[in-house]
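Student: here is my input, please return the structure:
(one chain, ligands or ions: 1)
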Amino acid sequence: MSSVVRLDHLVKQYPNAPKPAVSNMTLEIPEGAVFGLLGPNGAGKSTTVMMLCGLMRPDSGSVAVMGLDMQEHGAAVRKKIGVAPQEIALFPTLTAYENLVYFGRMYGLKSSHIHTQIKKYLSVFNLQEKAHKQVGTFSGGMKKRLNLIAALLHQPKLVILDEPTAGVDVQSRNMILDFLTDLKSEGTSIIYSSHVLEEAERICTHLGIIDEGKVLQTGTRSTVMGDHPDCFNLEQLFLKLTGKNIRD
Ligand SMILES: Nc1ncnc2c1ncn2[C@@H]1O[C@H](COP(=O)(O)OP(=O)(O)OP(=O)(O)O)[C@@H](O)[C@H]1O
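Tutor: Just a heads-up that it's a prediction; the model follows:
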């Protein structure tokens, strides 16, 4: 299986930070995987995600997405990936529909295709009746669903999701997870960064457990669990690898 993402000795230290947020990270994500990027608060998940979608430059090391080096081909890579960041990236005073038209144009889609895609996804995520309401009036779950649609409009082959279910209710969460499982079965690769280990157990084919900017363990879900027969579930394994100390 070829890899959709390759991180090679990636390093990132924020100005004035005592140590790197990402420290010599090397990681390979196979094409077609649902890859769970897991780690406690401050482990370096968001920093890694920002570098792999080209929103932040590494201090050293390299990121390759679908065989393209991010430093050299950043613009081409960004057209091929869909990103739903942790912070909702929507305009609160525009309607759901207007927000999605904005994203569709940003991806360079033809007008007729934008409208077809918007109608399809508003229906999939049960937002069609809210299409012409201002996003500022939406619940957290509705905003998360819309944020996800914005990342999908151009049918990317790789979707990167930073905590896609944070702050949503059980119904929206279930809808999002079912959708991601379907998306995987259509051949889309997914990187799913989260704290929620039950969700990772439900949808991820591969795992990368990180802490202090380093990869502690990676592989298919079954090989990762198989390496630790003393752990009955992912939470036990996670605590074994990252410790029980509370993080800030
Ligand atoms: N802008 C910044 N300036 C300085 N330090 C930062 C900045 N952003 C993050 N950090 C630090 O870098 C480290 C990694 O942070 P990062 O947000 O990547 O972790 P995370 O795993 O996504 O955490 P969380 O689960 O809490 O979102 C942490 O120690 C954090 O405090």
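
Student: for residue 49, phi and psi?
Tutor: Per-residue torsions, residue 49: phi -60, psi -40 (degrees, to the nearest 10).

Student: roughly how far apart are the nearest residue to it once chain neighbours are set aside and residue 83?
Tutor: The shortest distance from residue 49 to any non-neighbouring residue, by C-beta to C-beta, 6 or more residues apart in numbering, is to residue 162 (5.1 Å). In short, each C-beta sits where N, CA and C put it, glycine included. Separation of residue 162 from residue 83 (C-beta to C-beta, to the nearest Å): 8 Å.

Student: common neighbours of the two, please.
Tutor: Common neighbours of residue 162 and residue 83, using C-beta atoms under 8 Å, 6 or more residues apart in numbering, are residue 49.

Student: for the helix ranked longest in the chain, buried residues please.
Tutor: Using DSSP state H to define each element, the chain has its longest helix at helix 170-185. Neighbour counts over helix 170-185 (16 or more other C-beta atoms under 10 Å) mark 172-173, 175-177, 179-180, 183-184 as buried.

Student: what residues does the protein put near the ligand?
Tutor: 14, 17, 21, 39, 41-47 (C-beta under 6 Å from any ligand atom).

Student: same thing but 5 Å
Tutor: Counting by C-beta under 5 Å from any ligand atom, the residues of the chain close to the ligand are 14, 17, 21, 41-47.

Student: in the chain, which spans are strands?
Tutor: Secondary structure of the chain, counting by DSSP state E: strands at 3-12, 22-30, 34-38, 60-65, 68-69, 81-84, 158-162, 189-194, 206-211, 214-220.

Student: return the most buried member of the ones you listed.
Tutor: Most buried of those by mean neighbour count (mean count of other C-beta atoms under 10 Å) is strand 34-38; its value is a mean of 26.

Student: who does residue 28 bridge with?
Tutor: residue 6 (DSSP bridges).

Student: quick one, what contacts it?
Tutor: Per C-beta under 8 Å, 6+ apart, neighbours of residue 28: 3, 5-7.

Student: got those residues as a markdown table, with distance to residue 96 columns?
Tutor: What follows is the contacts of residue 28, written out as a markdown table (distance: C-beta to C-beta, whole Å):
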| residue | distance to residue 96 |
| --- | --- |
| 3 | 35 |
| 5 | 30 |
| 6 | 36 |
| 7 | 34 |
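
Student: between those residues, which sits nearest the ligand?
Tutor: Within the contacts of residue 28, proximity to the ligand (C-beta to the nearest ligand atom) peaks at residue 7, which comes in at 13.8 Å.

Student: which non-adjacent residue is nearest the closest one?
Tutor: Distances taken as C-beta to C-beta, 6+ apart place residue 27 nearest to residue 7, at 4.4 Å, with adjacent residues excluded.

Student: the nearest residue to residue 241 once chain neighbours are set aside: what's it in contact with?
Tutor: Nearest residue to residue 241, sequence neighbours excluded (C-beta to C-beta, 6+ apart): residue 216, at 4.6 Å. Neighbouring residues of residue 216 by C-beta under 8 Å, 6+ apart: 209-210, 241-242.
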